[in-house]
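Undergrad: Need coordinates for the following:
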Amino acid sequence: MKVGSNLDSKGYGIGTPLGSDMRDHITLAVLELSENEELQKLEKLWWYEKNDKVSCGEDSRTLKKQEATSSLMLQNVAGIFYILIGGLSLALVMATCEFLYKSKVEARRRKTTFTNAVRSKARLSITGMPERQTTSYTYAPTAQLISLDGYAEANTHTQV
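TA: Modelled structure (predicted):
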């Protein structure tokens, strides 16, 4: 089946090894077919008329079967979705295995239980923040703050 017109037509050619005896014979045969307009007839048959005729011994049952398989229906493309779902399932299983393995390694490194390591990695994955720090932050009044040069700041108010 041909869609649209030719972008560029260069003619016909057949590749042969360098120095082949067949090169001249094939070139003459292609030129003879071109002069007798056999190539134009074949081009017309295969590019323009092929879809209009039943050729090569095909019967109507074969054509109906081809028409049924050529349409894009769910039953014809369901295999693609099965492959996608299978790939997604495999990816989820692999991600879970990797998560559990890295949790096990971290539990050994931190010398904690496996469940605590899984819990902290899950919290980090979901919230993006590590576990709560156990250190407490105390408030220091501004009078006690020391600047970079080592002296206490005298002016603690900001003028707007």
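Undergrad: what about L72, helix or strand, and which?
TA: Element membership for L72, per DSSP states H and E: none, as it lies in no helix or strand.
Undergrad: which element follows the host helix or strand of V93 toward the C-terminus?
TA: Taking DSSP H and E as the definition, one finds V93 inside helix 74-110. Per DSSP H and E, helix 74-110 leads on to helix 114-127 as the next helix or strand towards the C-terminus.
Undergrad: what angle sits between that next one and helix 74-110?
TA: Orientation of helix 114-127 against helix 74-110 (axes from the mean of the first three to the mean of the last three Cα atoms, to 10 degrees) gives an angle of 120 degrees.
Undergrad: in helix 114-127, what counts as buried?
TA: Going by neighbour count (16 or more other Cβ atoms under 10 Å), the buried part of helix 114-127 is A117, V118, S120, K121. (Glycine included, C-beta is placed from N, CA and C.)
Undergrad: which residues does the closest residue to the first one other than its chain neighbours contact?
TA: I take that to be A117. Sequence neighbours aside, A107 is the residue nearest to A117 in space, at 3.7 Å (criterion: Cβ to Cβ, 6 or more residues apart in numbering). The contact partners of A107, by Cβ atoms under 8 Å, 6 or more residues apart in numbering, come to T113, F114, N116, A117.
Undergrad: okay, the helix or strand A29 falls within in CSV with CA atoms only?
TA: Assigned by DSSP H and E, A29 belongs to helix 22-35. The C-alpha trace of helix 22-35 is given here as CSV (Å, rounded to 0.1, in the frame of the first residue of the first chain):
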residue,chain,number,x,y,z
MET,A,22,26.6,-10.7,-13.4
ARG,A,23,26.8,-6.9,-13.2
ASP,A,24,26.5,-6.3,-17.0
HIS,A,25,23.8,-9.0,-17.5
ILE,A,26,21.7,-7.6,-14.7
THR,A,27,22.0,-4.0,-15.9
LEU,A,28,21.0,-5.1,-19.4
ALA,A,29,18.0,-7.0,-18.1
VAL,A,30,16.8,-4.0,-16.0
LEU,A,31,17.2,-1.7,-19.0
GLU,A,32,15.2,-4.1,-21.2
LEU,A,33,12.4,-4.4,-18.7
SER,A,34,12.3,-0.6,-18.4
GLU,A,35,12.2,-0.2,-22.2
